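>>> How does the following fold in three dimensions:
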Amino acid sequence: MPNENAIKGSYANSSRPTWKILAVSSALLSGLVLLSSASWSRNANAAVRINQIGYESSLPMRAFLMATGSESGAKFSIKNSDGETLYSAAIGSGLGTWGGYTVYPVDFTLSTAGTYAITVTGPISATSPSFRIATPEKLYATALASALSFFQNQRDGPDYIPSALRRAPAHLNDQKAKVYNTPEFSGREGSRIKGDLKPRGPIIDASGGWWDAGDCLKFVDTTSYAVALMLVGVRDFPNQMGAGSPTSNFTDEAKFGVDWLLRMWDDKSRTLYYQVGIGSGSSGFEDDHSIWRLPQADDTYRDTDPRYRYIRNRPVFVSGPAGSKISPNLAGRLAGDFALCFRVYQSSNAAYANQCLLEAEHIFDLADTSPIGRLLTAAPHDFYDESEWRDDLEFGATELYFATRSGNLPDGLPHSDAMFYLQVAASWASAYLHAQNNAVNTLNLADLSGLAHFELHRAIALAGNPSGLRISQSDLLADMRRKLDGAVAQAGKDPFGFGYPWGRGDTPAHGAGLFVMASEYDYLTNSSTYANYSSRWLANILGANAWGSSFIVGDGSTFPRCIHHEVANLAGSHNGQLPILAGALVEGPIRKPDSGAPSGVLACPPNGEDVFSQFNGNDAVYKDNSEFYSTVEPAIDLTAPSFLMFSWRIAGAPSGTPSTLFTER
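Model (predicted):
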């Protein structure tokens, strides 16, 4: 997702686009608005923070007590729904301070399934919201289904899925969209377009795809990232994200994403189109971010008013002339997506799969391996900033290795020898490890190495660990360990033990990326090196934090209800009851929150009250207010790691081994 210091959307240099919607079961939502007074009372001087989805039976569990004064001598007890005390102990020593609070650990272990609450007695008393003890599947299955629902509600075009929030298709005019050159930008932070858009000539079908965030824009950059994680999940976790799941089968949704990416790549002319819609305007026209509306209004918006011409007929931007080199970040991810498409749909739709593999190889061969200047992401570039690209080529080549070794290959492939791609993948992984940009980072849109290394490690194992590769499995593990150890070091500086600085931006998504990386590493090393850390990072995202809020809509008892998302704001509830955009993961706390929105936003909260302000501290601020895109805007790239996070937690490991996952189907 966007660099935390970059512009993320529009609305007077507002954030990324924001929109999502979904339906969840009444069982999930019952009691969602029964907020804990300890979490929400402005006069509270103590509060207990928990994983609001619950804790896994028999594993070590940690909650947190926040208090404005000393809790020396305090005790806590855990009672079930019948009021029986099942566990009690003394409150431990303080873990550090957060703003005006001291944070204390509340450690316990329970094995009996049920519903519980923590009561603290002592100098300052407090009671937690209720929580469950259950198996991972019972805890996280609904959250995984909500993540799928989020993407379904982000669908654009004629193939929308009706829901309480989605009542009509949107942007049917995209089926005949005009192509334009990338505009020039000027003004503050380069966010205003110079003059008018310049037509390129072609008319293409750019319909379908997912809205990027809280707005209506569509980017190959973010979609290719979401599709990569989705297809890996369908392949590796068939009982959680594939045909084996009755509630969260992502197979069709992943194909919906691939379909749009295929439309944005013209294989005959070797032309890549990378964006639909514009989020920055000029003095001569309005843009996507200058109006607040339901998406289905756009095709006829303001009739023939010329200022809204790019709302009614959205521009498509082209990356360059036909046959020209492709920015390597996009080339690598697209090649990997289309290679995964070949593997996932080979048995159900051979013609479609063959098309994917042919186009994957064509795109990969056009990657610009000596890029100069900024990588291609979005227009304007600062919506999303990427500086690293070798990880994307590592990912693309690895998935092409898996695809080309599977047999039943289509005719006309430029490269049919799987070892060709394994060697290329190893070379790009080596280049990544020696690049200046190889900082300590988590799995996210700007750095795919957290997934690419995992895939390449398994590819090397499948190939029999051949000699002559420019990188080894131990090299890959060392890089993953370096980044995870950096997260552990950061956790040691935070009283809540989170592995990413709370104020840096896109915090929950980075935490989900860390969880996935930790699970991958422990799986590859057959260890539990990071198991306790990853479990706590998951809990941090779901409520065990200073604000006592889950950062995923619908997950937990307190969650974002005033998100910066047009559909959720205009068609959804503002009190946490249905309909909500369940499964949407928001940007979360940030050092300095920015706000902004055009007229038409329904005030949420209605009175503007900031119930979380008393818990801000340590250079991190969180606001649940529809105008604060920098803290409560959701996006597809932010949400994407969550479905892998929940799948890993439920399944424990990918289904099968490399030899069974990647052999011919």
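
>>> I'd like the distance from stretch 495-506 to the chain centre, please.
16 Å (C-alpha atoms, centre = their mean, to the nearest Å).

>>> domain assignment for this protein?
38-134, 175-203+278-314 (automatic domain parsing).

>>> out of those, which comes closest to H381?
Closest to H381 of these, according to C-beta to C-beta: domain 175-203+278-314, at 7.6 Å. Placement of C-beta: from N, CA and C, glycine included.

>>> what is the rounded mean pLDDT of the closest one?
Domain 175-203+278-314 shows a mean pLDDT of 92.

>>> Repeat that for stretch 607-621.
In this model, stretch 607-621 has a mean pLDDT of 96.

>>> still on that earlier bit, include distance to P589 and mean neighbour count when you put the domains of the chain into CSV, please.
Listed next are the domains of the chain as CSV, based on distance: least, C-beta to C-beta, whole Å; neighbours: other C-beta atoms under 10 Å:
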stretch, distance to P589, mean neighbour count
domain 38-134, 11, 18
domain 175-203+278-314, 22, 17
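
>>> how about these, which one is nearest R470?
Closest to R470 of the domains of the chain, according to C-beta to C-beta: domain 175-203+278-314, at 34.9 Å.

>>> Report the outermost residue of the chain with respect to its centre.
Distance from the centre of the chain peaks at G73, with 41.8 Å (C-alpha atoms, centre = their mean).

>>> Find the nearest non-adjacent residue to that one, please.
Using C-beta to C-beta, 6 or more residues apart in numbering and skipping the chain neighbours, the partner closest in space to G73 is G122 (5.6 Å).

>>> Pull up the gap between W211 and Q355, please.
Between W211 and Q355 the distance is 25 Å, computed by C-beta to C-beta, to the nearest Å.

>>> The two: who's more crowded?
W211 (29 against 18; other C-beta atoms under 10 Å).

>>> In this structure the more buried one contacts F219, no?
No: between W211 and F219 there is no contact under C-beta atoms under 8 Å: 9.9 Å.

>>> Share the number of residues neighbouring G407, please.
G407: 9 surrounding residues under other C-beta under 10 Å.

>>> rewinding a little: any idea of the pLDDT on the residue nearest to G73?
94.

>>> cool, and the one 3 residues further on?
Predicted confidence (pLDDT) for S125: 96.

>>> which phi and psi does the residue nearest to it when sequence neighbours are not counted have?
Among residues not flanking S125 along the chain, A46 sits closest, at 6.8 Å (C-beta to C-beta, 6+ apart). Main-chain dihedrals, A46, degrees, to the nearest 10: phi -150, psi 150.

>>> so who does A228 touch?
R333, G336, D337, L340, F395, L448, L451 (C-beta atoms under 8 Å, 6 or more residues apart in numbering).

>>> correction: T115
Going by C-beta under 8 Å, 6+ apart, T115 touches N80, S81, S130, F131, R132, I133.

>>> can you put these in TSV and add distance to L484 and pLDDT?
Shown next, in TSV, are the contacts of T115 (distance: C-beta to C-beta, whole Å; pLDDT from 0 to 100):
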residue	distance to L484	pLDDT
N80	36	96
S81	37	95
S130	33	97
F131	27	98
R132	28	98
I133	28	98
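
>>> mind putting those residues in TSV, secondary structure and distance to W502 included?
Formatted as TSV, these follow (DSSP: H, G, I helix; E, B strand; the rest coil; distance: C-beta to C-beta, whole Å):
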residue	secondary structure	distance to W502
N80	strand	33
S81	coil	33
S130	coil	26
F131	strand	22
R132	strand	26
I133	strand	27
